[in-house]
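>>> Using only what follows, build the 3D model:
(one chain, ligands or ions: 2)
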Amino acid sequence: MHLTFHCPKCDRTTQTGDIAQLANLSCSHCDWERPIPEGLERSNQAPSECFRCGNSDLWRQKNFPQTLGFLFVALGAITSSIAWMYYKPILALSILMGFALLDMILYIVMPDVLVCYRCRTKHHDVDVSQHGAFDHELGEKYRQEKIRQEEAEQEQAKKSLSQFDSEGHS
Ligand SMILES: [Zn+2]
Ligand SMILES: [Zn+2]
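Residues are numbered from 1 along each chain as shown. Ligands and ions are numbered 1, 2, ... in the order given. Have a look, this model is predicted:
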């Protein structure tokens, strides 16, 4: 299993090597580092918790880059309209269907990944059978949680700033 995660410090993405060989998760762009939560079986290919934050809510999805999907649709639409312009309706249709088929095949062969609702870490090369697809209610719950957390952090920052101010003036 390996992970793709967002660094909380510099917000860039890091892809790890095999998690079984690692003691810590570390960002490849900055000095952020953190031990993998204790009690997790690293060789386990069917994780029930996130290896970055220990959260047990994970959803499964195809590791299919969305931009690639859009690109296919756009390419199919453009080339088939060109065929339409030259009065080749059968060619136009075949082009559209060809791209749709290609899209479908790619989707099928792309591996599944497990994504953490809380930190969006992706777990690759895993058995995803114990997890469901994205749940919007649960997703919303975590979105709200994140907003509240950010508000609390801002509040905290303001407080320490005003404390600093009052100390400075006394
Ligand atoms: Zn970083
Ligand atoms: Zn997580």
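
>>> which residues of the chain fall in helices?
All helices of the chain, identified by DSSP state H, fall at 66-85, 89-109, 136-169.

>>> interface residues of the chain facing ligand 2?
Selection of the chain residues close to ligand 2 by C-beta under 5 Å from the ion yields 50, 52, 53, 55, 116, 118, 119, 121. Using the backbone N, CA and C atoms, a C-beta is placed for each residue, glycine as well.

>>> Which ones among those map onto strands?
Counted as lying in strands by DSSP state E, out of the residues of the chain next to ligand 2, are residue 116.

>>> Now restrict the residues of the chain next to ligand 2 to buried residues only.
Neighbour-count burial (16 or more other C-beta atoms under 10 Å) applied to the residues of the chain next to ligand 2 gives 50, 52, 53, 55, 116, 118, 119, 121.

>>> nearest residue to residue 57 other than its sequence neighbours?
Among residues not flanking residue 57 along the chain, residue 117 sits closest, at 4.3 Å (C-beta to C-beta, 6 or more residues apart in numbering).

>>> and what of residue 79?
For residue 79, the nearest residue in space outside its immediate sequence neighbours is residue 95; the separation is 5.1 Å by C-beta to C-beta, 6+ apart.

>>> Could you report the neighbour count for that neighbour?
Neighbouring residues of residue 95 were enumerated by other C-beta atoms under 10 Å; the total is 21.

>>> That one contacts residue 76, doesn't it?
Yes: using C-beta atoms under 8 Å, residue 95 makes contact with residue 76 at a distance of 6.2 Å.

>>> which residues touch the residue nearest to residue 57?
With C-beta atoms under 8 Å, 6 or more residues apart in numbering as the criterion, the residues that contact residue 117 are 55, 57, 58, 59, 138, 139, 141, 142.

>>> Quick check: of these, which lies closest to ligand 2?
Set against ligand 2, the nearest of the contacts of residue 117 by C-beta to the ion is residue 55 (4.5 Å).

>>> how about stretch 146-164 as CSV, C-alpha atoms only?
The C-alpha coordinates for stretch 146-164 follow below in CSV (Å, rounded to 0.1, in the frame of the first residue of the first chain):
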residue,chain,number,x,y,z
LYS,A,146,-13.4,21.4,8.8
ILE,A,147,-15.1,24.8,8.7
ARG,A,148,-15.6,24.8,12.4
GLN,A,149,-12.0,23.8,13.0
GLU,A,150,-10.7,26.6,10.8
GLU,A,151,-12.9,29.1,12.6
ALA,A,152,-11.6,27.9,15.9
GLU,A,153,-8.1,28.2,14.7
GLN,A,154,-8.7,31.8,13.5
GLU,A,155,-10.3,32.6,16.9
GLN,A,156,-7.3,31.1,18.7
ALA,A,157,-4.9,33.1,16.5
LYS,A,158,-6.9,36.4,17.2
LYS,A,159,-6.8,35.7,21.0
SER,A,160,-3.1,35.1,21.1
LEU,A,161,-2.6,38.2,19.0
SER,A,162,-4.6,40.4,21.4
GLN,A,163,-2.9,38.8,24.4
PHE,A,164,0.4,39.7,22.8
